[in-house]
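A.B. asks: take this sequence and fold it.
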Amino acid sequence: MIKAFKQSIKALLANPGRTLLTMLGIVIGIGTVILVLSAGAGFRSLIDAELGTYGTNTLFIETRVPPTTKNLAANTSGPGGSFSGVVISSFKQRDLDEIKKLGNVVDNYGIVTGLAPVSYRGNNKSVIYYGASAERFNIDKNTLSEGRFYTQAEDTGGAQVVVLGANVAKDLFAQDDPIGKLLRVGTLNFQVIGVYTAQGALGGGDDLIYIPLTTAQKKLLGIDYITVGIVQLQDINQSDSTISEIQTLMRRNHNITDPNKDDFKVQSQAQALDTFNTIFNGITYLLIAIATISLIVGGVGIMNIMYVVVTERTAEIGLKKALGARESDILNEFLIESIVVTILGGIIGIAGGSFLGWVVSVIATSAHLAWTFSVPFYAIAIGFGVSAVIGISFGVFPARSAAKMDPIEALRYE
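C.D. replies: Numbering: from 1, shown residues only. Got it, this is the predicted structure:
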């Protein structure tokens, strides 16, 4: 086996250009798999960090259109079944006030959102604003680079104060200090009281502005309902029972007797992460399937090249068999040659994919994303395993063809 390995290496080095082109498909396929799995690990770390801004012990309450309402909207909204006319307005502050009285609930706050033109001294920008009650600052983990948060009194009083995301502050005020300045939001003037530290948030938190909930509801949107609620728990291990209590409470408040007609959805961070994992795993499998096609194409290329090599070395095979080489010796030599090509391709692919994964992490980190670079061990194991399997699978046929040659006929070949 050692002699066969040395002969295989010598044969590959005799034509390095062809050897590199032969392993190119393997390099691309394995590199893609490593890059996808490495980027996936980094993206998961980003999601964990983003969810962590709400604290690990939180629940999310969102309004949703019940199935019966969806069907009605689809039947009455004309071609395409648009749901643009369906608005859920039953989620109110009193729901959150009663939820706050539950035994495992520490605090909560409501959110509404809208889009408005924002301007300061000729600098204009269309911005999404978050209206949230002052309790959000007791739950969310993001910090201010300057200024302060608005108070409960400012919230209930409908004060026209605003906290800016980092990008909004930079785009509108440039080098000026925004604290204390008046900013126009829609048709109203708001006083800037704080600026968030750059978050690099997945949802674009740096490009948002934050105003009191009552102000957003009464003065900008003209509504009295909430679209999203964040609930902080005392004991995350009791999240399932707390979710059940919240569902019972809200069904009572909204006069819902059939759970299938709920106009809200309560979800824990773990459930939200499970939903993300399901989606992300599907995308990952799709990308790996695409990379697998490259690997198969690379394997077919190796098989074709090995058949060419066998043909070129027909006389050499005949001479070796005439001198006493067994079929197994010839088989091992060509099979090892094929495996070496794929293993080398796998190593280069792993190195290249890891490097590209590191480049992605550098770019993400420079954009202030909480991205952690890593190459999972199972990704490396997959790389080496697939390389070996392809080398054996696609190399065995040319190797068997070489081993089965008749030495007399082989010696006559020119």
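
A.B. asks: V106: helix or strand, and which one exactly?
C.D. replies: Element membership of V106 [criterion: DSSP states H and E] is strand 105-120.

A.B. asks: got the CA positions of that strand in CSV?
C.D. replies: Provided in CSV are the C-alpha atoms of strand 105-120 (Å, rounded to 0.1, in the frame of the first residue of the first chain):
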residue,chain,number,x,y,z
VAL,A,105,-44.9,38.3,35.1
VAL,A,106,-42.4,41.0,36.1
ASP,A,107,-43.1,43.7,33.6
ASN,A,108,-44.4,44.4,30.1
TYR,A,109,-44.8,47.0,27.4
GLY,A,110,-46.7,47.6,24.2
ILE,A,111,-45.5,48.6,20.8
VAL,A,112,-47.0,50.3,17.7
THR,A,113,-45.1,51.2,14.6
GLY,A,114,-45.5,53.7,11.7
LEU,A,115,-43.6,55.4,8.9
ALA,A,116,-43.1,59.1,8.8
PRO,A,117,-40.9,61.7,7.1
VAL,A,118,-38.3,63.1,9.5
SER,A,119,-36.4,66.3,8.9
TYR,A,120,-33.9,68.6,10.5
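
A.B. asks: for that strand, the distance to its chain's centre please.
C.D. replies: Taking the mean of its C-alpha atoms, strand 105-120 sits 25 Å from the chain's own mean (CA atoms, centre = their mean, to the nearest Å).

A.B. asks: quick one: strands adjacent to the following helix or strand past it?
C.D. replies: Remark: after strand 105-120, the chain's next helix or strand is strand 123-132, criterion DSSP H and E. Using DSSP bridges, strand 123-132 pairs in its sheet with strand 105-120 (antiparallel), strand 208-212 (parallel).

A.B. asks: could you list every helix and strand in contact with the helix or strand following the shortest one?
C.D. replies: Once strand 208-212 ends, the next helix or strand along the chain (criterion: DSSP H and E) is helix 213-215. Packing contacts for helix 213-215, counted by 3 or more CB pairs under 8 Å, 6 or more residues apart in numbering; DSSP states H and E, involve strand 105-120, strand 123-132, helix 152-156. C-beta here means a position set from N, CA and C on the backbone, and glycine is covered the same way.

A.B. asks: in the first one, which residues are buried?
C.D. replies: This means strand 105-120. For strand 105-120, the neighbour count (16 or more other CB atoms under 10 Å) marks V105, V106, D107, N108, Y109, G110, I111, V112, G114, A116, V118, Y120 as buried.

A.B. asks: for the last one, same thing?
C.D. replies: Buried positions in helix 152-156, judged by neighbour count with 16+ other CB under 10 Å: E154, D155.

A.B. asks: can I get that helix in PDB? Just the C-alpha atoms.
C.D. replies: Provided in PDB are the C-alpha atoms of helix 152-156 (Å, rounded to 0.1, in the frame of the first residue of the first chain):
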ATOM      1  CA  GLN A 152     -43.400  57.200  32.400                       C
ATOM      2  CA  ALA A 153     -44.900  60.700  33.000                       C
ATOM      3  CA  GLU A 154     -43.800  61.700  29.500                       C
ATOM      4  CA  ASP A 155     -45.300  58.500  28.100                       C
ATOM      5  CA  THR A 156     -48.700  58.900  29.700                       C
END
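
A.B. asks: ok, residues contacting it?
C.D. replies: Helix 152-156 has contacts (CB atoms under 8 Å, 6 or more residues apart in numbering) with S133, A134, E135, A159, V161, P212, L213, T214, T215.

A.B. asks: where along the stretch 201-350 of the chain do the helices fall?
C.D. replies: Taking DSSP state H, counting those that start in this stretch, the helices of the stretch 201-350 of the chain run over residues 213-215, 239-253, 269-312, 314-322, 327-366.

A.B. asks: can you name the residues that contact N138?
C.D. replies: N138 neighbours (CB under 8 Å, 6+ apart): D107, Q232.

A.B. asks: what's the spacing between it and V195?
C.D. replies: 19 Å (CB to CB, to the nearest Å).
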